[in-house]
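Enquirer: Kindly return the folded structure for what I paste below:
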Amino acid sequence: MSDATERPAADSDAWATACAEDLEAEKARRRATYGPRPGSATEELRKLVDAVADKVSALPGPLFGVAAQGAVQQFINQAKAAVEPVIERNPGVFDHLAAAGNELLAAYRSAVESQEARWTQGTPPSTGAAARETEKAGDPTDPRDEGPGPDGRIDLD
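Expert: Purely as a prediction, here's the structure:
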């Protein structure tokens, strides 16, 4: 090989080094813009328990009284002691529950969006063969068939 086509060994790592530096810079920029990434569901549950415990502990003393304040603090400590072993034994369960919650939320959003689309278009939701026949025939007395009013607004009454 000629000297023009040969590359030193250090040059082959330069590309990987530059890519790694760019990736780290992008991660730092995103952390600065959006804040730190949320932790796992387990960490978030711990944060939730701690935040609730702090808020309950910070409630004004006259609301509960001095004796009741001690009982509330004892209850908080017992709740933390009960939750912590469950979290430590089953960290993956909470991640799965969080993923399932996200899937349920996505399904709910999809259902709501499709229902809103049908509502704004004036198409009644189908409930079976009778509804499909009614949709085909159309109902001239149905005010939903008129569409939006002259000003482009939909009359909700």
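
Enquirer: May I see the buried residues of whatever helix or strand residue 106 lives in?
Expert: For residue 106, the host element (DSSP states H and E) is helix 91-121. Buried residues in helix 91-121, counted by 16 or more other CB atoms under 10 Å: 94, 98. (Glycine included, C-beta is placed from N, CA and C.)

Enquirer: what does stretch 35-47 give?
Expert: Using 16+ other CB under 10 Å as the test for burial, stretch 35-47 gives 41, 42, 45, 46.

Enquirer: Turn these into TSV, including secondary structure, pLDDT and distance to residue 119.
Expert: Formatted as TSV, the buried residues of stretch 35-47 follow (DSSP: H, G, I helix; E, B strand; the rest coil; pLDDT from 0 to 100; distance: CB to CB, whole Å):
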residue	secondary structure	pLDDT	distance to residue 119
41	helix	79	35
42	helix	80	40
45	helix	81	37
46	helix	82	42
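
Enquirer: Now flag whichever of these is closest to residue 33.
Expert: Lowest distance from residue 33 to the buried residues of stretch 35-47 (CB to CB) belongs to residue 41, with 23.8 Å.

Enquirer: Which residues are in contact with the closest one?
Expert: By CB atoms under 8 Å, 6 or more residues apart in numbering, residue 41 lies in contact with 94, 95, 97, 98.

Enquirer: distance of it from residue 71?
Expert: Residue 41 sits 31 Å away from residue 71, going by CB to CB, to the nearest Å.

Enquirer: Now do the strands in the chain.
Expert: Per DSSP state E, the chain has no strands. Nothing in it meets that criterion.

Enquirer: any idea where the helices of it begin and end?
Expert: Ranges of helices within the chain are 9-34, 41-57, 61-64, 66-89, 91-121, 129-137, based on DSSP state H.

Enquirer: what residues does stretch 85-98 touch?
Expert: Counting by CB under 8 Å, 6+ apart, 40, 41, 42, 44, 45, 46 sit against stretch 85-98.

Enquirer: What is the end-to-end distance of it?
Expert: Stretch 85-98 has an end-to-end distance of 19 Å (criterion: CA to CA, to the nearest Å).

Enquirer: What mean pLDDT does it get?
Expert: Per-residue pLDDT over stretch 85-98 has a mean of 84.

Enquirer: and the residue nearest to residue 73 when sequence neighbours are not counted, how many neighbours?
Expert: Of all residues not flanking residue 73 in the chain, residue 57 sits nearest, at 6.4 Å (CB to CB, 6 or more residues apart in numbering). Using other CB atoms under 10 Å, the number of residues around residue 57 comes to 11.
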